[in-house]
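**Student:** Got a predicted model here, sequence first, then my questions.
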Amino acid sequence: MNNELKSTALTHVHEALGAKMVPFAGYNMPVQYNGLKLEHAAVREAVGMFDVSHMGEFFVEGPQALDFLQMVTTNDVSRLLPGKIQYSCMPNAQGGIVDDLLVYCFSAQHFMLVVNASNMEKDWNHLMHYAPQFDVELRNESDDYSLLAVQGPNAIPLLQTLTEIDLADIKYYSFTVGSMAGINDVIISATGYTGAGGFELYVPNAVAETLWNAVMKAGSAFGLLPAGLGARDTLRLEMGMALYGNDIDDTTSPIEAGLSWITKFTKDFVSCELFQAQKEAGAENKLVGFEMMERGIPRHDYPIADESGTVIGRVTSGTNSPSTGKNIGMGYVPTSLSKEGATFYVMIRNKPIKAQVVKLPFYKK
Amino acid sequence: MQFPDNLKYSKDHEWVRVEGDEAYVGITEFAAGELGDIVFVDVDTEGESLDKDEVFGSVEAVKTVSDLFIPVSGEVLEFNEGLEDAPESVNEDPYGEGWMVKIKIADASELDGLMDAAAYEAMLG
């Protein structure tokens, strides 16, 4: 293992802005600049920009690129048209999740996979295990690409000042490749991990700072703040979006995790029989969203207990919601306690604090 | 960053303001900054007598939770009720409105083991 922290093309920019830097997935990343709540609010109400260049980009090309991706991902890639994006899972052979990812379709023979930095090496090895059965070529270009996420209701008007492409025409989970801030071939993707709308912009490292500075300059008129990984986490949790390593991992199935909507049994894929059996029999446990009914903030790995004090589950993510002020969390509980309105107890510093299952997302516009 | 001269400081980043045989206790501006936006101060030791360095409560920021250690032995007389509705006072005014508990000091000689402002500032480097 190499313990040296990697930098992104923008690490020095974050440091110059006075960001608090933390090690994350092997990278030296900004966790916050001027305050998590300020940055969170900027994304919900105006616009924020995140450097998420630690994310991995794999390219899959070849005559059997589609067949390969059908085998290694849970969603139905045959329904993906050029210019469209799919949220998906990479299942392992034991019925768990290797990673969750975005699949970008350039053509039926050319895809980009965007994976979590923390799983990059594991994902690569997993994909290379299946690749020899197909006529495909894989390239890991993670070290060459930077990724800026510009998120919030003002993202369109802000970025529109930097490009002639009509951004309002790019539908959610679609992308186009074009010029922005004088940089050619920017992958402009209407995606994000915040539920606030906006774009994710993929550029080569050499021009990342040019793009960052152009967005920052244009952003002053739109209430833009640079935002760190802290706000990214509270924003995604308010939307009930899973975080790999917290809410899903090598041992959790997409059926338990509420990801049946991206698990399509219209095709063969790794562990599909396991998942289908689980879906038909009903999963033993389910990932739910809950709100605390009494004072206390749920945190990752806190036990969940029933009325009698028996531990029946665990919290996978939790926080105080900056948008609503409520204390919210997600966790696995027995399916019998997974219905909206069901109650259980989160053990916080050895005290049972009552919680109630609610519908996701926690935050609605 | 501020390090008021009238306070004593612990290695765990708590401050103590002595008033006779009582004292107010809070966390330093440095600690509050490191924690980030504080959203909940949980103290359930009111009325209890605690030994130096025992946990008297916890402070929850959006992202993290941290134990609060009592810098000198004593009885927890009062929790700052103002923090129930305005936990952000700990960030905004850590040495004033953000105080956490008032204690009755059990052994005043323990105060000698705490740092003065200059020593605490030097510890932070």
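**Tutor:** Ah, there it is. Numbering: from 1, shown residues only, chains lettered A, B, ... in the order given.

**Student:** Per-residue pLDDT of A:Asn3, please?
**Tutor:** In this model, A:Asn3 is scored at 66, pLDDT.

**Student:** With A:Tyr363 instead?
**Tutor:** 97.

**Student:** give me every residue that touches it.
**Tutor:** A:44, A:195, A:238-239, A:321, A:323-324 (C-beta atoms under 8 Å, 6 or more residues apart in numbering or on different chains). (C-beta placed from N, C-alpha, C; glycine too.)

**Student:** hmm, try it at 7 Å
**Tutor:** With contact set as C-beta atoms under 7 Å, 6 or more residues apart in numbering or on different chains, A:Tyr363 has these partners: A:195, A:238-239, A:321, A:323-324.

**Student:** do the same with B:Leu114
**Tutor:** Counting by C-beta under 7 Å, 6+ apart, B:Leu114 makes contact with B:8-10, B:16, B:71.

**Student:** How is the nearest residue to A:Leu201 once chain neighbours are set aside assigned, secondary-structure-wise?
**Tutor:** Take A:Leu201 and drop its neighbours on the chain: the residue closest to it by C-beta to C-beta, 6 or more residues apart in numbering or on different chains is A:Leu148, 4.8 Å away. Three-state assignment for A:Leu148 (DSSP: H, G, I helix; E, B strand; the rest coil): strand.

**Student:** Flag the shaky bits of the chain, pLDDT-wise.
**Tutor:** In the absence of a named chain, chain A is used. Where chain A drops to pLDDT under 70, the residues are A:1-3.

**Student:** Whatever residue of it ends up closest to chain B: how many residues sit nearby?
**Tutor:** In chain A, the residue that lies nearest chain B is A:Asn320 (4.1 Å; C-beta to the nearest C-beta). A:Asn320 is flanked by 23 other residues according to other C-beta atoms under 10 Å in any protein chain shown.

**Student:** any idea how far it lies from A:Thr234?
**Tutor:** When distances are taken as C-beta to C-beta, to the nearest Å, A:Asn320 and A:Thr234 turn out to be 8 Å apart.

**Student:** Touching stretch B:89-100 from outside, list them.
**Tutor:** Residues outside stretch B:89-100 that contact it (C-beta under 7 Å, 6+ apart): B:2, B:4, B:7, B:15, B:24-29, B:32, B:37-38, B:41, B:43, B:57, B:59, B:68, B:80, B:82-83.

**Student:** typo on my end, it should be stretch A:266-276
**Tutor:** Here stretch A:266-276 makes contact (C-beta under 7 Å, 6+ apart) with A:70-74, A:76, A:91-93, A:95, A:253-255, A:263, A:265.

**Student:** now do 8 Å
**Tutor:** Here stretch A:266-276 has contacts from A:70-74, A:76, A:78, A:90-96, A:130, A:253-255, A:263, A:265, using C-beta under 8 Å, 6+ apart.

**Student:** Report the buried members of the contacts of stretch B:89-100.
**Tutor:** Among the contacts of stretch B:89-100, those classed as buried by 16 or more other C-beta atoms under 10 Å in any protein chain shown are B:7, B:15, B:24-29, B:32, B:37-38, B:41, B:43, B:57, B:59, B:68, B:80, B:83.

**Student:** OK, contacts around A:Ala181?
**Tutor:** Neighbour list for A:Ala181: A:162-163, A:210-211, A:214-215 [criterion: C-beta under 8 Å, 6+ apart].

**Student:** Look at A:Ile165 and say how many residues are nearby.
**Tutor:** Residues near A:Ile165, counting by other C-beta under 10 Å, number 17.

**Student:** Can I take it that it is in a helix?
**Tutor:** No - A:Ile165 is assigned coil when assessed by three-state DSSP, not a helix.

**Student:** List phi and psi for it.
**Tutor:** When read as degrees, to the nearest 10, the backbone of A:Ile165 gives phi -70, psi 140.

**Student:** for A:Thr163, same thing?
**Tutor:** Dihedral angles (degrees, to the nearest 10) for A:Thr163: phi -150, psi 160.

**Student:** residues contacting it?
**Tutor:** Residues in contact with A:Thr163, defined by C-beta under 8 Å, 6+ apart, are A:178-181, A:188.

**Student:** quick one: which of these is most hemmed in?
**Tutor:** Neighbour count (other C-beta under 10 Å) singles out A:Met180 as the most crowded of the contacts of A:Thr163, with 24 neighbours.

**Student:** For that one, what are phi and psi?
**Tutor:** Taking degrees, to the nearest 10 as the convention, A:Met180 sits at phi -150, psi 130.

**Student:** Ok, the one 5 residues further on next?
**Tutor:** A:Asp185 has phi and psi values of phi 60, psi 30 when expressed as degrees, to the nearest 10.

**Student:** Who does the closest residue to it other than its chain neighbours form a beta bridge with?
**Tutor:** Ranked by C-beta to C-beta, 6+ apart and with sequence neighbours excluded, the top spatial neighbour of A:Asp185 is A:Val177, at 5.7 Å. Note on A:Val177: beta-bridge partners by DSSP bridges are A:Ile187.

**Student:** Next: A:Gln356.
**Tutor:** Beta-bridge partners for A:Gln356, by DSSP bridges, are A:Glu291, A:Thr343.

**Student:** Tell me which residues touch it, please.
**Tutor:** Residues near A:Gln356 by C-beta under 8 Å, 6+ apart: A:290-291, A:293, A:341-343.

**Student:** Switch those residues over to TSV; also include neighbour count and distance to B:Lys52.
**Tutor:** Converted to TSV, the contacts of A:Gln356 look like this (neighbours: other C-beta atoms under 10 Å in any protein chain shown; distance: C-beta to C-beta, whole Å):
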residue	neighbour count	distance to B:Lys52
A:Phe290	29	38
A:Glu291	16	38
A:Met293	14	36
A:Gly341	8	46
A:Ala342	16	44
A:Thr343	13	40
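
**Student:** Could you single out the nearest of those to A:Ala283?
**Tutor:** Nearest to A:Ala283 among the contacts of A:Gln356: A:Ala342, at 15.3 Å, using C-beta to C-beta.

**Student:** The closest one touches A:Val357, doesn't it?
**Tutor:** Yes - assessed by C-beta atoms under 8 Å, A:Ala342 is found in contact with A:Val357 at 4.5 Å.
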